[in-house]
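Undergrad: I would like to see how this sequence folds:
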Amino acid sequence: MAKTEEIHLELSGHQVRVSNPNKLYFPQAGITKLELVEYYVAVAEGAIRGVARRPMILKRYVNGVEAEPFFQKRVDKKRPAWIETATFTFPSGRVAEEITVNNTAQLVYVVNLGCIDLNPHAIRAENMENPDELRIDLDPVPGVPWSQIVEVARVAREVLGDYGLVGWPKTSGSRGVHVWVRIAPNWPFKLVRKAGLALAREVARRAPAIATAKWWKEERHGVFVDYNQNARDRTTASAYSVRPTPDARVSMPLSWDDFFVANPLDFTLRTVPALFAARGDAHAGIDQAVGSIDELLELADRQGELEEPTAKKPAPKQKLPVITVAQAKLKPDALAGLERWKARHPTVAARLAPEDVLVDTNRGRATAWYRIRINLKNVPASERPGAEPPDPDYDPKTEYGDGPHEG
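TA: Now for the predicted structure:
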């Protein structure tokens, strides 16, 4: 059997192994694993600023972006001595020893495992109960243009300023926008999330036509201000993360002035290193802009009872006509099921707005699975098709993948 190809890089005083350097990770763009490694080395100062001392879940694309990733919470027992970890406690009470990235060697180590983007928690290793980051995730429903997302971000910035906080914007590298806020680590997750919900509601109050804080996806319109990214178990792609898009798009930190005129398509693995070398990190000052959420917590108290997104929470008071049409292990299979449903119901399909097609990504034991639902609110009751067995009809309980392996 042929020996696996590998190279070794001298980084941060350590020899770092990179296996399968010529493996194609982004087939459409022709980008290899080694190019991904070289990208992260080029932007390491900024990327490490976004993840330093933060435990992270490893989202591993060992076969590139066109294959499904798997999630690894616990760091491998067999690892270099220079890898640092922190023990994270999940809401269930279970714990996991997760990796932290504090230098370029550690950064390349996780990239070699198949991590295309970096997904840290909002806490630091020295204080695992109190986040030091308030996260605002602006998530557009289908069909919302970039210009509308920018306007919602503008409102979010105003709200933050009114409540004594500084927001730092970055493109998500996907469809939305992230605004990160450094806060003193004086409040537990529950109160940080409460502050995030208060902010989301205030953004929606000021811009009701374009923003929403509604938890139920079928009730949303415009841009959802996703406050639940502040929950204990949530992780989000960090600054300079390459995202699993065909063009290897980057979650790009920007100044507000640059953000307001930016085109997110301009920031990719192949364009960002030159921008970083020429302009530096637009978020270089984020760790010095530490604020308090006390005023947001006071706002939350004035707003009243929290809306808690839990599995036990009852459905909206006015039950919406939502049906499930597909459940699949792989997203393309779920989307193919949607197209078959549309072919069976062409008149109904023609009445659907983009936001009426609800694509849910659900976390399984180690990988994601996908569900597609249809909101028939725009279809007259007399024309609504009845519920059918989902096609395909995947049972997520069967999802037990192989153990982790190297990319």
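Undergrad: Listing request: residues of this protein with sub-threshold pLDDT.
TA: Within the chain, the segments meeting pLDDT under 70 span 1-4, 305-318, 365, 399-407.
Undergrad: Please tell me how far the residue sitting nearest the centre point of the chain sits from V37.
TA: Closest to where the C-alpha atoms of the chain average out (Cα atoms, centre = their mean) is T236, at 4.0 Å. For T236, the distance to V37 equals 22 Å [Cβ to Cβ, to the nearest Å]. Where you see a C-beta, it was placed from the backbone N, CA and C, and this is true even at glycine.
Undergrad: hang on, the earlier thing: report the spatially nearest residue to the residue nearest to the centre of the chain, omitting neighbours in sequence.
TA: Sequence neighbours aside, Q229 is the residue nearest to T236 in space, at 5.5 Å (criterion: Cβ to Cβ, 6 or more residues apart in numbering).
Undergrad: How far off centre is stretch 39-56?
TA: Remark: stretch 39-56 is offset 16 Å from the chain centroid, using Cα atoms, centre = their mean, to the nearest Å.
Undergrad: Over to stretch 54-70?
TA: Here stretch 54-70 is found 12 Å from its chain centre; the criterion is Cα atoms, centre = their mean.
Undergrad: That one: end-to-end distance?
TA: Length of stretch 54-70, first residue to last, Cα to Cα, to the nearest Å: 20 Å.
Undergrad: Flag every buried residue along it.
TA: 54-62, 64-65, 69-70 (16 or more other Cβ atoms under 10 Å).
Undergrad: before we move on, what about stretch 27-47?
TA: 29, 31-44, 46-47.
Undergrad: And for stretch 182-193?
TA: Quick answer for stretch 182-193 (16+ other Cβ under 10 Å): R182, I183, P185, W187, F189, L191, V192, R193.
Undergrad: so is the last one in a helix, a strand, or just coil?
TA: Meaning R193. Under DSSP: H, G, I helix; E, B strand; the rest coil, R193 falls in the helix class.
Undergrad: Next up, the contacts around the nearest residue to it once chain neighbours are set aside.
TA: Leaving aside its chain neighbours, R193 sits nearest to N230 (4.1 Å; criterion: Cβ to Cβ, 6+ apart). The contact partners of N230, by Cβ atoms under 8 Å, 6 or more residues apart in numbering, come to A122, P131, L134, R135, F189, V192, R193, A195, G196.
Undergrad: Distance to D356 for the residues you listed - can I get that in TSV?
TA: Formatted as TSV, the contacts of N230 follow (distance: Cβ to Cβ, whole Å):
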residue	distance to D356
A122	33
P131	35
L134	32
R135	28
F189	33
V192	33
R193	29
A195	32
G196	27
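Undergrad: Among these, which one sits closest to L160?
TA: In terms of Cβ to Cβ, no member of these lies closer to L160 than L134, at 8.8 Å.
Undergrad: Run a quick neighbour tally on A200.
TA: By other Cβ atoms under 10 Å, the residues close to A200 number 27.
Undergrad: got it, and G93?
TA: Count around G93 with other Cβ under 10 Å applied: 6.
Undergrad: start the count at 107, not 1, going forward
TA: Will do, 107 is the new start, and the previous item becomes G199.
Undergrad: List phi and psi for it.
TA: G199 adopts backbone torsions of phi 100, psi -10, taken as degrees, to the nearest 10.
Undergrad: returning to that earlier point: inside helices: which ones of the buried residues of stretch 133-153?
TA: In this view, the buried residues of stretch 133-153 that belong to helices under DSSP state H are 139-148, 150, 152-153.
Undergrad: residues touching the closest residue to V329 other than its chain neighbours, list them.
TA: Counting by Cβ to Cβ, 6+ apart, V329 lies nearest to V258, which is 4.3 Å off, once chain neighbours are set aside. If you count contacts by Cβ under 8 Å, 6+ apart, V258 has them with L244, V283, V309, A313, I316, A317, G328, V329, V331.
Undergrad: Looking at those residues, which is nearest Y215?
TA: Distance to Y215 across those (Cβ to Cβ) is lowest for V283, with 29.5 Å.
Undergrad: in the stretch 307-456 of the chain, which spans are strands?
TA: 317-318, 329-332, 428-434 (DSSP state E, counting those that start in this stretch).
Undergrad: Output the contacting helices and strands for the first one.
TA: Packing partners of strand 317-318 (3 or more Cβ pairs under 8 Å, 6 or more residues apart in numbering; DSSP states H and E): helix 295-312, strand 329-332.
Undergrad: Let me have the strands of the stretch 307-456 of the chain in TSV, extended by distance to R457.
TA: Below are the strands of the stretch 307-456 of the chain laid out as TSV (distance: least, Cβ to Cβ, whole Å):
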stretch	distance to R457
strand 317-318	22
strand 329-332	23
strand 428-434	14
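Undergrad: Quick one: closest of these to D407.
TA: Checking the strands of the stretch 307-456 of the chain against D407 by Cβ to Cβ gives strand 329-332 as the closest, at 19.0 Å.
Undergrad: how about the helices of this structure, start to end?
TA: Under DSSP H, the chain gives helices at 139-148, 150-157, 210-218, 252-268, 295-312, 362-367, 378-385, 400-409, 437-450, 452-457.
Undergrad: Same list, the buried residues of stretch 160-176, but as a markdown table with distance to A383 please.
TA: Shown next, in a markdown table, are the buried residues of stretch 160-176 (distance: Cβ to Cβ, whole Å):
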| residue | distance to A383 |
| --- | --- |
| R160 | 25 |
| P161 | 30 |
| M162 | 26 |
| I163 | 30 |
| L164 | 28 |
| K165 | 27 |
| R166 | 29 |
| Y167 | 26 |
| V168 | 30 |
| G170 | 27 |
| V171 | 25 |
| P175 | 29 |
| F176 | 34 |
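Undergrad: Filter those down to the ones in strands?
TA: The members of these that map onto strands under DSSP state E are M162, I163, L164, K165, R166, F176.
Undergrad: between these, which is nearest N233?
TA: M162 (16.0 Å).
Undergrad: E401 reaches G270, doesn't it?
TA: Yes - with contact defined as Cβ atoms under 8 Å, E401 reaches G270; the gap is 5.6 Å.
Undergrad: sorry, back to before: okay, the ones in strands among the buried residues of stretch 160-176 in TSV with distance to L464 next?
TA: TSV is the format used below for these (distance: Cβ to Cβ, whole Å):
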residue	distance to L464
M162	29
I163	25
L164	28
K165	23
R166	27
F176	24
